[in-house]
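Undergrad: Sequence plus the predicted model coming up.
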Amino acid sequence: MSILPDQDQADEALRSRSAERTYEQLLVADRLTTAELDYLIGGIWSGAEFPDRHLDRDTWRWLFKVAGFTIDGTSAERPAEPIVLWRGSVPERRTDWSWSTNRSIAEGYANGTAARRPTGRLYTVLAPPESLLCANNCRGEDEIVVDTRGLQIEVLR
């Protein structure tokens with residue numbers, strides 16, 4: 001049974017603070033297909049200010065594993081080689097999963113100018129393909145969602 005929402009419904013779900021939990025429950029109940037999850041997961045992640053406040057990392061890992069790697073909601077091949085990623089954040093959030101392929105985006109977050117955030121640090125990581133969960137370009141941040149578990153994150157400044 002397909003429950004894929006139309007664009008208005010999808011947009012409303014992304015604005016909802018409970019969207020992450022709702023989609024997890026629908027998938028578990030076999031009311032959301034894997035193809036639908038592929039389409040939705042990147043936007044749900046990107047639309048949540050702090051995704052790990054809604055679902056724990058193990059649940060996110062599971063959802064991304066079920067969906068497979070996506071780029072802007074479309075199934076895609078993971079990059080074949082490790083990629084250099086950048087993150088600007090306060091030290092206590094350096095292992096969070098939203099990174100960018102664009103250093104200047106990360107520098108904006110490190111400087112506190114992006115999204116009115118506190119001043120933080122600039123980090124980099126060489127992320128192997130298996131750690132890459134999805135790519136989101138919808139907000140102009142060249143975002144790569146990466147599972148940072150076990151990765152060597154380097155502070156640059």
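TA: Structure's in. What do you need?
Undergrad: Would you mind extracting the C-alpha trace of stretch 126-141 into CSV?
TA: Presented in CSV, the C-alpha positions along stretch 126-141 are these (Å, rounded to 0.1, in the frame of the first residue of the first chain):
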residue,chain,number,x,y,z
LEU,A,126,38.3,11.8,4.7
ALA,A,127,35.1,9.9,4.5
PRO,A,128,35.2,6.4,3.0
PRO,A,129,32.3,5.4,0.6
GLU,A,130,30.6,3.1,3.1
SER,A,131,30.2,6.0,5.6
LEU,A,132,28.3,8.1,3.1
LEU,A,133,24.5,8.0,3.6
CYS,A,134,23.0,10.5,1.3
ALA,A,135,23.7,13.8,-0.5
ASN,A,136,21.3,16.8,-0.3
ASN,A,137,21.7,19.9,-2.5
CYS,A,138,18.2,21.3,-1.9
ARG,A,139,19.4,24.0,0.6
GLY,A,140,22.5,25.0,-1.3
GLU,A,141,24.9,23.6,1.3
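Undergrad: what's the helix or strand in which Trp86 is found packed up against?
TA: Assigned by DSSP states H and E, Trp86 belongs to strand 83-89. Counting contacts by 3 or more Cβ pairs under 8 Å, 6 or more residues apart in numbering; DSSP states H and E, strand 83-89 packs against strand 98-100, helix 103-110, strand 121-127, strand 143-146. (Each C-beta comes from the backbone N, C-alpha and C, glycine too.)
Undergrad: Looking at the chain, which helix is longest?
TA: helix 34-47 (DSSP state H).
Undergrad: tell me which residues of it are tucked away?
TA: For helix 34-47, burial by neighbour count (16 or more other Cβ atoms under 10 Å) applies to Glu36, Leu37, Asp38, Tyr39, Leu40, Ile41, Gly42, Gly43, Ile44, Trp45, Ser46, Gly47.
Undergrad: May I ask which two of those are separated the most?
TA: Farthest apart among the buried residues of helix 34-47 by Cβ to Cβ are Glu36 and Ser46. That separation is 16.8 Å.
Undergrad: Quick one: end-to-end distance for stretch 69-80.
TA: 12 Å (Cα to Cα, to the nearest Å).
Undergrad: what's next to that stretch, contact-wise?
TA: 38-43, 68, 129-130, 132-138 (Cβ atoms under 8 Å, 6 or more residues apart in numbering).
Undergrad: worst-scoring helix or strand of this protein, pLDDT-wise?
TA: helix 7-15 (a mean of 49; mean pLDDT, DSSP states H and E).
Undergrad: Appreciated, that's everything.
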